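Asks: 3D model of this:
(one chain, ligands or ions: 1)
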Amino acid sequence: MPKTNATILIIDDDEDILLSAKLLLKKHYTNIITRDTPKELNQILSSESVDVIILDMNYRIGFNDGKEGMYWLKHILSVKPEMVVILMTAYGEVELAVDSIKLGAFDFILKPWTNEKFLATIQAGLQLSKSKHKVALLESAKQVLEKNIDQKFGPIIGSSDAMNEVMRVVDKVSVTEANILILGENGTGKQHLAREIHRRSSLKNGPFVHVDLGALSESLFESELFGHKKGAFTDAHEDKPGRFELAEDGTLFLDEIGNLPYNLQSKLLTVLQDRKVSRLGEGIERPFNARLLFATNAPLHEWVEEGKFRQDLMFRINTVEIEIPPLRERPGDINDFVLHFLKIFKEKYHKSHLSIEQKALELLNTHSWPGNVREIQHTIERGVIMSDGQEIRGSDFNLITETSVSGKDVEKFDNLNLHDIEKMLVEKALSKHEGNISKAAKELGLTRAALYRRLEKFNL
Ligand SMILES: Nc1ncnc2c1ncn2[C@@H]1O[C@H](COP(=O)(O)OP(=O)(O)OP(=O)(O)O)[C@@H](O)[C@H]1O
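Replies: The predicted model follows:
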């Protein structure tokens, strides 16, 4: 049988015990270290990657009160709290051994031992050690990933009166536990603001879990939000926690809440009231502790009046409501965004020398930005990529402007409303890209999911 890759440290003042333990263990594990005193522990722990420590309780001749073992156990766990320590005790010291488990030892082995029991205890300890190691790795990988995502959503840009008012409310509510509903058109920065609220909250060190309800098919809503038990439905091959559980001690951001089907709205209401979730196919109710933020670009208040969205759920989710105005209503922010994204993309594409031609800057400042901040972001990225001189010109941005649409279309602007203009732009982008959804969505400054929703809305 191949040996298991593991380092086991045995400390006992009895040479015979050290020898027989080593002879037994070296048949099964790759690295066995023995010492007759715990005094070198610090040095070993800083130079070796030890998986399990087997520690005797007594070292001084004539002493068998186990105090030394307890002292060293506490010491090891203070230096390495995740260390798996197994204590060796003689008959009559069982009470002491039980106390050591209360202090954090993994288990104890009675001397003299039977080989089978000895190996089984070490194997179990090793398994725990490996799981702890894996959890620690996953935890640090998670922190790196979260930091990366967070960097993508940097500071909040915008100093217009409208944005200052939004931030005044954010200042007040971030530290509370209140449910917040963020309203605003596509690309106005709802998710960006939700992340900022999380960053300013007392749960900032916990996870930020984003669920885009607009991108979930109806059959997946429940299992994504609440989790499922293995076998709950055909594709449920294993137990899976839902997003509510994953957001424990953090923030759960339910984006596009308007897309939640009516029958699930009452289920969500119950979950929010009871602060407990049950996985699909499982009877157990699990309490959760997460701050809830919601967002939508839908006219949710109208939907409540029309009976499409439950009023009682609305009351639950909008303890505080924040509306981010579209960019055309805060033109003072356009320049800030242009400079912000220009800096980011100049760095990304290694074009530090680039600036924007005055005429092009005017064009950006007069554009109506139907795709809001996301549209500016994509437009500046495109401009930086396309420019090949020192200055980005207007044509590098390839903006869909009122002058770039046909004369017939322009006439329509006089008497058509926003709904129709939006529909026309979606049609135009689709025909320009011959029905390619990804390209059309990018051009419009929308996500694919947001474009699909519009296709449905406009019956295209
Ligand atoms: N105030 C802001 N400061 C800096 N960047 C912003 C701001 N608002 C939005 N952005 C950026 O614009 C892009 C779109 O923002 P976000 O995804 O938050 O919009 P959204 O309203 O949630 O969009 P959708 O409704 O399509 O889901 C993101 O890259 C975001 O970082």
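Asks: my read: Glu285 touches Arg279, true?
Replies: No - here Glu285 does not reach Arg279: they are 9.7 Å apart, not a contact under C-beta atoms under 8 Å. Heads up, the C-betas are built off the backbone N, CA and C, glycines and all.
Asks: what residues does this structure put near the ligand?
Replies: Within the chain, the residues that sit near the ligand (C-beta under 6 Å from any ligand atom) are 153, 156-158, 184, 186-192, 255, 297, 373-374, 377, 447, 450.
Asks: Let me know the helix or strand that Thr270 is in.
Replies: Element membership for Thr270, per DSSP states H and E: helix 262-274.
Asks: Please point out which parts of that helix sit buried.
Replies: For helix 262-274, burial by neighbour count (16 or more other C-beta atoms under 10 Å) applies to 264-265, 267-269, 271.
Asks: Please apply the same query to stretch 35-50.
Replies: The neighbour-count criterion (16+ other C-beta under 10 Å) identifies 36, 38, 41, 44-45, 50 as the buried residues of stretch 35-50.
Asks: Inside helices: which ones of the residues you listed?
Replies: Among the buried residues of stretch 35-50, DSSP state H puts 41, 44-45 in helices.
Asks: Next, format those as TSV and append pLDDT.
Replies: Shown next, in TSV, are these (pLDDT from 0 to 100):
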residue	pLDDT
Leu41	93
Ile44	93
Leu45	92
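Asks: now the closest residue to Phe345 other than its chain neighbours: how far from Ile44?
Replies: Spatially, and ignoring its direct neighbours in sequence, Phe345 is nearest to Val384 (4.1 Å; C-beta to C-beta, 6 or more residues apart in numbering). Using C-beta to C-beta, to the nearest Å, one obtains 55 Å as the distance from Val384 to Ile44.
Asks: Give me the distance from the helix or strand harbouring Val211 to the chain's centre.
Replies: If you go by DSSP H and E, Val211 is part of strand 208-212. Put simply, strand 208-212 sits 7 Å off its chain's centre (C-alpha atoms, centre = their mean, to the nearest Å).
Asks: go on, stretch 428-441?
Replies: 31 Å.
Asks: cool, and stretch 201-216?
Replies: 6 Å.
Asks: and that stretch, which residues are buried?
Replies: 201, 203, 206-216.
Asks: Following the chain onward from the one helix or strand the residue nearest to Phe345 maps to, which element is next?
Replies: Element membership of Val384, judged by DSSP H and E, is helix 372-386. Note on helix 372-386: by DSSP H and E, the next helix or strand toward the C-terminus is strand 391-392.
Asks: Who are the packing partners of the very next helix or strand once past that following strand?
Replies: Toward the C-terminal end, the helix or strand that comes next after strand 391-392 (DSSP H and E) is helix 394-397. Counting contacts by 3 or more C-beta pairs under 8 Å, 6 or more residues apart in numbering; DSSP states H and E, helix 394-397 packs against helix 358-366, helix 372-386.
Asks: Could you single out the most deeply buried of these?
Replies: Ranked by mean neighbour count under mean count of other C-beta atoms under 10 Å, those are led by helix 372-386, which reaches a mean of 21.
Asks: What angle do helix 358-366 and that one make with each other?
Replies: Angle between the axes of helix 372-386 and helix 358-366 is 160 degrees (criterion: axes from the mean of the first three to the mean of the last three C-alpha atoms, to 10 degrees).
Asks: That's all I had, so thanks and see you.
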